[in-house]
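**Q** Any chance you could fold what I've pasted below:
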Amino acid sequence: MTAERVRGALGGAFSGLADGDVPPGAALYRGKVRDVVSLGNAVALVASDRISAFDRVLSTVPWKGEILSRVSGWWFERTADIVPNHLLDARQTGGLDALARSGRCVLARRCDMLPVEVVVRGYLTGSAWRDYAAGRPVPGADFPAGLRRNQRLPRPVITPSTKEASGHDRPCSGDELVSSGAVDADVWAEAERLALALFARGQELASSRGLILVDTKYEFGLTDGRLVVADEIHTPDSSRYWYADGYAERYRADSNQRELDKETFRRWLVERGFSGDGAPPAIDDDVRVETALRYMDAFEAITGQVFEPVCPDAQSAGVAVAYVLKEGLAGR
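**A** Numbers count the residues shown, from 1 in each chain. From the prediction side, this is the model:
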């Protein structure tokens, strides 16, 4: 896709559902990126084109929501043998299966979500490196001395963080989660096992595409007493990817790796003095276009498919989702 086509779509980016887009009796919750519509025992997850960084929603990027939904779907298919996921199939949607044709909405079973993001790291980079380099502890990890930036770890480690209702998520350890009563010990042990198994599959398939899955976060929920993986999986928002080609040379030279995620957008913000507090810089159209093209590159590199939007006009796709929701629920 050309930059000119993306630029022409900036005004049509889908910022999310409005209150009037769901019928009376259906609850609407807005996350940083996804809008969640309560449908009794199910939920409709609608991926907007909002882009967030440092726990703040900052702008919109055309087709970002569709890309996240489709990448997650690609990975859910390839990890279902490891752990069930929250998706409902067409036979369970009660006439709302047309939502899937928008490319940005899925129907999912309602889960009791664990109040934690299960972060798995295969390399010492990002916030873990910054804490390590500054001599600060990294909750959940016991790194030996002498490690370097972007070094591959002997084995992946889990460094959880709490999911806060407001403000920044808080890093913690698994022991803290269990001792505080936030998560049952047996449930946490199973979540750790499944997270490491998912990460191993992710690294394996990413490697086959010439990529390195560096780190990621998973969210798990309980349904009928069984853990399922929910929200998103191995997307450019929830994961850090590097190109494998050139990794060793860049590591030896202590250079930045070639990235395939939104880390470039985060770095652009940091260079302008914003890392979550205070007023963010204005996100100009050039940045939005470049960020959209990076998401498309990520889609194609991860899935091996050429990205073509299901609905060329993202805003129209959002309107279609709202219509199907209202009509489908009204008929229930």
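**Q** Nearest the middle, which residue of this structure would you pick?
**A** S238 (3.2 Å; Cα atoms, centre = their mean).
**Q** Got the confidence number for that residue?
**A** Note on S238: pLDDT of 93.
**Q** swap in the one 4 residues further on?
**A** The predicted local distance difference test score for W242 is 96.
**Q** quick one: it is in a strand?
**A** Yes: per DSSP: H, G, I helix; E, B strand; the rest coil, W242 lies within a strand segment.
**Q** my guess is it contacts S255, does it?
**A** No: taking Cβ atoms under 8 Å as the definition, W242 is not a contact partner of S255, at 11.6 Å. Where you see a C-beta, it was placed from the backbone N, CA and C, and this is true even at glycine.
**Q** For these two, indicate the residue with more neighbours.
**A** Applying other Cβ atoms under 10 Å to W242 and S255 shows that W242 carries more neighbours, namely 24 against 12.
**Q** That one and G210: what is the separation?
**A** Between W242 and G210 the distance is 10 Å, computed by Cβ to Cβ, to the nearest Å.
**Q** Same question for E117.
**A** The gap separating E117 from G210 is 27 Å, by Cβ to Cβ.
**Q** give the contact list for F199.
**A** 120, 122, 156, 213, 216 (Cβ atoms under 8 Å, 6 or more residues apart in numbering).
**Q** What is the burial count for the last one?
**A** Counted with other Cβ under 10 Å, the burial measure for T216 works out to 26 neighbours.
**Q** Would you confirm that it belongs to a strand?
**A** Yes: according to three-state DSSP, T216 belongs to a strand.
**Q** so where's the stretch 1-150 of the chain shaky on pLDDT?
**A** Residues of the stretch 1-150 of the chain meeting the criterion pLDDT under 70: 89-102.
**Q** Mind jotting down where the strands sit in the stretch 1-150 of the chain?
**A** Assigned by DSSP state E, counting those that start in this stretch, the strands in the stretch 1-150 of the chain fall at 28-30, 34-39, 42-47, 50-53, 56-60, 105-109, 112-113, 116-124.
**Q** Helices of the stretch 51-200 of the chain, start to end?
**A** Listed in chain order, the helices of the stretch 51-200 of the chain (DSSP state H, counting those that start in this stretch) span 64-79, 126-133, 174-179, 185-208.
**Q** closest to R267 out of those?
**A** Smallest distance to R267 across the helices of the stretch 51-200 of the chain (Cβ to Cβ): 10.9 Å, for helix 126-133.
**Q** That closest one: which residues count as buried?
**A** Going by neighbour count (16 or more other Cβ atoms under 10 Å), the buried part of helix 126-133 is 126, 128-129, 131-132.
**Q** Grab the CA positions of that helix and hand them over as PDB.
**A** C-alpha atoms of helix 126-133 as PDB (Å, rounded to 0.1, in the frame of the first residue of the first chain):
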ATOM      1  CA  GLY A 126      13.200  -2.300  26.700                       C
ATOM      2  CA  SER A 127      12.200  -1.400  30.300                       C
ATOM      3  CA  ALA A 128      13.900  -4.500  31.700                       C
ATOM      4  CA  TRP A 129      17.200  -3.400  30.200                       C
ATOM      5  CA  ARG A 130      16.700   0.100  31.500                       C
ATOM      6  CA  ASP A 131      16.000  -1.100  35.100                       C
ATOM      7  CA  TYR A 132      18.900  -3.700  34.900                       C
ATOM      8  CA  ALA A 133      21.400  -1.100  33.600                       C
END
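**Q** Measure how far it is from the centre of its chain, please.
**A** 21 Å (Cα atoms, centre = their mean, to the nearest Å).
**Q** which residues are contacting it?
**A** For helix 126-133, the external contacting residues (Cβ under 8 Å, 6+ apart) are 121, 124, 137-138, 141, 143, 147, 149-150, 159, 171, 215, 240, 263.
**Q** just these now: which is nearest G16?
**A** The nearest one, if we look at the contacts of helix 126-133 relative to G16 and count by Cβ to Cβ, is E263, at 24.0 Å.
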